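1. The amino acid sequence is not available; the structure is as follows:
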Ligand SMILES: [Zn+2]
């Protein structure tokens, strides 16, 4: 399969924030299929921002307006869409925290998320709250590297069909989670090295899908300079060759590159954004909270 990411220099009107990756793929070795034009919409680190803030910025209603507009535009041009999230729905504002993020998880259903990574903040509350939240969502919460009593605690991946192509999405969660939350909340739970789990899953997913994506909550650390943090998306892409795209979260950055291995820290919403690319894998992340608009 060949795939190429296309930077779209376009500013979306509206207060919500999304990053957009367009991947065009064709598969010469299989029976002829029409080329797939796939638009991947992604968010991460929502952190309870289901309402607009005092300045009228972001909020899930605005996000839905934007997503629906993009979906309609893509459909009108013969394309397909996938909506992914990089995790950390929980924790940020009292209106959400006091309701165990019920508006947020149910809002994500209404926005039509296809899948989400599990973030470390999904373990901020006692296990009974996470269990309740899992019953609220109608899309898969994915984590291949979280084990409870020796078994995977979440669905490790999901396979989506778009335009006759299969797209596998695996979920991965930072192993730093074990030192970021109350021990009582993760009793019996093990966070294995995400890259090791990705390497194990990749051949299986390559065998059944045309494209393999990782929805991660691991952080983007330019050139792998991660300080005290567990390895993030850059390190995983370098270790595990064969992922087409990583949709990330956790470090809460606009992953727009100024040069190789150098993130543009002066990035301003509305500018064109060049995603990171490591070892053949595209890496994207949409900052946080759905708070501004950008497209990749
Ligand atoms: Zn996080």
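-> Received, thanks. The structure displayed is predicted, hence computed values, not measured ones. Residues are numbered from 1 along each chain as shown.

2. Please settle this for me: is residue 170 part of a strand?
-> Yes - Residue 170: assigned to a strand according to DSSP: H, G, I helix; E, B strand; the rest coil.

3. Surely it and residue 198 touch.
-> Yes - assessed by Cβ atoms under 8 Å, residue 170 is found in contact with residue 198 at 6.6 Å. Glycine gets a C-beta too; all of them are placed from N, C-alpha and C.

4. residues shared between the contacts of the two?
-> Each of 144, 214 lies in contact with both residue 170 and residue 198 under the rule Cβ atoms under 8 Å, 6 or more residues apart in numbering.

5. who does residue 81 bridge with?
-> On the basis of DSSP bridges, residue 81 is bridged to residue 39.

6. Numbering from 13 from now on, please.
-> Understood, numbering begins at 13; the last thing we discussed is residue 93.

7. do you know how far it is from residue 224?
-> 18 Å (Cβ to Cβ, to the nearest Å).

8. more crowded one of these two?
-> residue 224 (26 against 20; other Cβ atoms under 10 Å).

9. Please identify which helix or strand holds that one.
-> Using DSSP states H and E, residue 224 sits within strand 223-229.

10. now swap in residue 84 and tell me
-> Here residue 84 is assigned to helix 72-88, by DSSP H and E.

11. and what of residue 232?
-> Using DSSP H and E, no helix or strand contains residue 232.

12. Just give the number of residues close to it.
-> Counted with other Cβ under 10 Å, residues neighbouring residue 232 total 23.

13. for residue 302, same thing?
-> Neighbour count for residue 302, taken as other Cβ under 10 Å: 28.

14. Three-state assignment for it, please.
-> Assignment for residue 302 (three-state DSSP): coil.

15. cool, residue 178 as well?
-> Criterion first, three-state DSSP; result for residue 178: strand.

16. Please tell me how far it sits from the ion.
-> Distance, residue 178 to the ion, by Cβ to the ion, to the nearest Å: 29 Å.

17. List the contacts of that residue.
-> Applying Cβ under 8 Å, 6+ apart, we find residue 178 in contact with 171, 172, 220, 221, 222, 223.

18. If we ignore the residues flanking it in sequence, what's nearest it?
-> residue 221 (4.2 Å; Cβ to Cβ, 6 or more residues apart in numbering).

19. Which elements pack onto the helix holding residue 84?
-> strand 48-55, strand 92-97, helix 114-123 (3 or more Cβ pairs under 8 Å, 6 or more residues apart in numbering; DSSP states H and E).

20. Which residue is the nearest non-sequential neighbour of the closest residue to the ion within the stretch 163-308 of the chain?
-> Of all residues in the stretch 163-308 of the chain, residue 262 sits closest to the ion, at 3.9 Å by Cβ to the ion. Excluding the flanking residues, the one nearest residue 262 by Cβ to Cβ, 6+ apart is residue 231, at 4.2 Å.

21. and that neighbour, how many neighbours does it have?
-> For residue 231, using other Cβ under 10 Å, the count is 23.

22. Correct me if wrong: it contacts residue 186.
-> Yes - counting by Cβ under 8 Å, residue 231 touches residue 186, with 6.5 Å between them.

23. among the helices and strands of the protein, which one scores worst on average pLDDT?
-> Ranking every helix and strand in the chain by mean pLDDT, DSSP states H and E puts strand 14-18 at the bottom, with a mean of 30.

24. What's opposite residue 295 in the beta bridge?
-> residue 258, residue 288.

25. Check which helix or strand the residue of the stretch 163-308 of the chain closest to the ion maps to.
-> Per DSSP H and E, there is no helix or strand for residue 262.

26. I am finished for the moment; much appreciated.
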